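Colleague: quick one, what's the 3D model for this:
(chains A and B)
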Amino acid sequence: MSELGLILEILISALLICGAFFMLVGSIGLIKLDNCMSRLHAPTKASTLGVGSLLLASMIYSFMSGEGSVHEVLVMAFLFVTAPISGNFIAKVNLHRGRGTDALQPVPSDRVWGTYSEK
Amino acid sequence: MLSRLLPHPFLTALLAIVWSLLVNEIKLGTIVFGLFLGLMIPIATAAYWPNRPPVGRPVKLFLYMMIVVWDILVANVVVAMIVLFKRNKDMRPKWVVVPLELRTPEAITLLAGTITLTPGTVSADLSEDGKALLVHALDAENADDVCADIKHRYERRLKEIFE
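Modeller: Next comes the predicted model:
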């Protein structure tokens, strides 16, 4: 195996391990954290750096094997556009379900929030 | 006339690029078909997009994205440490109210997306009058610091880009 190939393989392995680590931390956070709003933080982590490193590894591998693939850029772009939206939806559900219960910390009430709007 | 044939030039370019990426090869055929889709889809859906969304300043927008990517890297490590090594009862989750100076809907959307993507903060809601964001912080000593950080680091730059 050539020198460059070895370096690239080490790089790919490092990226895979890094991605797997952050996915694992995201899942651990999902189990460990104790209230519904905190738990929302874990998946946003997993979907950014975790998936990002895995996709980068996949791209490097595809170029190394001579085929070259840029699909991954699209996956990343779609993920970055959709992750905040689904996160926002879950947060809104939490706001509705936790309203008036002690499952949520009291929401600052100096303004009318869109979710609680009476209009 | 031109604006009827080409209601959203940037969307046309974007669709052509996305199509080429989806097919995963650069050939004349895919580019032509991508441009065809890019021309037809905006015309077919023109009724739902009455206004042309502002593009802002592309160079500054690119720099902004680089800053956000860097922040995601740093914040991921910080939050991973919090999740792994901090006990639940030592966590200080907080609601943070971020009063907005931005008025452009696109800029507010980008700001909310940035806040959610950078780990440690999730944007939860927009106030009824659109003048404040409700943000949840995973572990924050002081709500005002988080708010000042968001305003200084992201909102200031978005204001330069869009307004």
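
Colleague: contacts and neighbour counts: CA atoms only from here.
Modeller: Will do.

Colleague: export stretch B:23-31 as PDB, just CAs?
Modeller: Presented in PDB, the C-alpha positions along stretch B:23-31 are these (Å, rounded to 0.1, in the frame of the first residue of the first chain):
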ATOM      1  CA  VAL B  23     -27.100  12.100  -9.800                       C
ATOM      2  CA  ASN B  24     -23.500  12.200  -8.500                       C
ATOM      3  CA  GLU B  25     -21.800  12.800 -11.800                       C
ATOM      4  CA  ILE B  26     -21.100  15.800 -14.000                       C
ATOM      5  CA  LYS B  27     -22.200  15.200 -17.500                       C
ATOM      6  CA  LEU B  28     -23.800  17.600 -20.000                       C
ATOM      7  CA  GLY B  29     -27.000  15.600 -19.800                       C
ATOM      8  CA  THR B  30     -27.400  15.900 -16.100                       C
ATOM      9  CA  ILE B  31     -26.600  19.600 -16.100                       C
END
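
Colleague: name the element residue 18 belongs to?
Modeller: Went with chain A since none was named. helix A:3-32 (DSSP states H and E).

Colleague: that's the wrong chain, I wanted chain B
Modeller: Residue B:18 is part of helix B:9-23 when elements are defined by DSSP H and E.

Colleague: just the strands in chain B please.
Modeller: Here chain B has its strands, by DSSP state E, at B:94-99, B:121-126, B:132-137.

Colleague: winner for burial among those?
Modeller: Mean neighbours per residue, mean count of other C-alpha atoms under 10 Å in any protein chain shown, is largest over these for strand B:121-126, with a mean of 26.

Colleague: burial count for residue B:162?
Modeller: By the measure other C-alpha atoms under 10 Å in any protein chain shown, the count of residues near residue B:162 is 18.

Colleague: cool, and residue B:38?
Modeller: Neighbour tally, residue B:38, other C-alpha under 10 Å: 24.

Colleague: nearest residue to it in space, please, no chain neighbours.
Modeller: Residue nearest to residue B:38 in three dimensions, not counting chain neighbours: residue B:12, with 4.0 Å by C-alpha to C-alpha, 6 or more residues apart in numbering or on different chains.

Colleague: from chain A, how far out is the one you found?
Modeller: Applying C-alpha to the nearest C-alpha, to the nearest Å, the value for residue B:12 to chain A is 16 Å.

Colleague: tell me who's in contact with that residue.
Modeller: Going by C-alpha atoms under 8 Å, 6 or more residues apart in numbering or on different chains, residue B:12 touches B:6, B:35, B:37, B:38, B:39, B:42.

Colleague: nearest to residue A:25, out of the strands of chain B?
Modeller: Nearest of those to residue A:25, taken as C-alpha to C-alpha: strand B:121-126 at 16.4 Å.

Colleague: ok now the closest one, how far from the chain's centre?
Modeller: How far strand B:121-126 lies from its chain's middle: 13 Å, per C-alpha atoms, centre = their mean, to the nearest Å.

Colleague: what helices or strands is it leaning on?
Modeller: Strand B:121-126 makes packing contacts with helix A:71-97, helix B:105-117, strand B:132-137 when contacts are defined by 3 or more C-alpha pairs under 8 Å, 6 or more residues apart in numbering or on different chains; DSSP states H and E.

Colleague: residue A:12 is nearest to which of those?
Modeller: helix A:71-97 (14.6 Å).

Colleague: and the residue of chain B closest to chain A?
Modeller: At 4.0 Å from chain A, residue B:127 is the closest residue in chain B, using C-alpha to the nearest C-alpha.

Colleague: now that that residue has come up, it's in contact with residue A:109, right?
Modeller: No: if you go by C-alpha atoms under 8 Å, residue B:127 and residue A:109 don't touch, sitting 10.4 Å apart.

Colleague: if we can go back for a sec, out of the contacts of residue B:12, grab the one that's most surrounded.
Modeller: Counting neighbours by other C-alpha under 10 Å, residue B:38 leads those with 24 neighbours.
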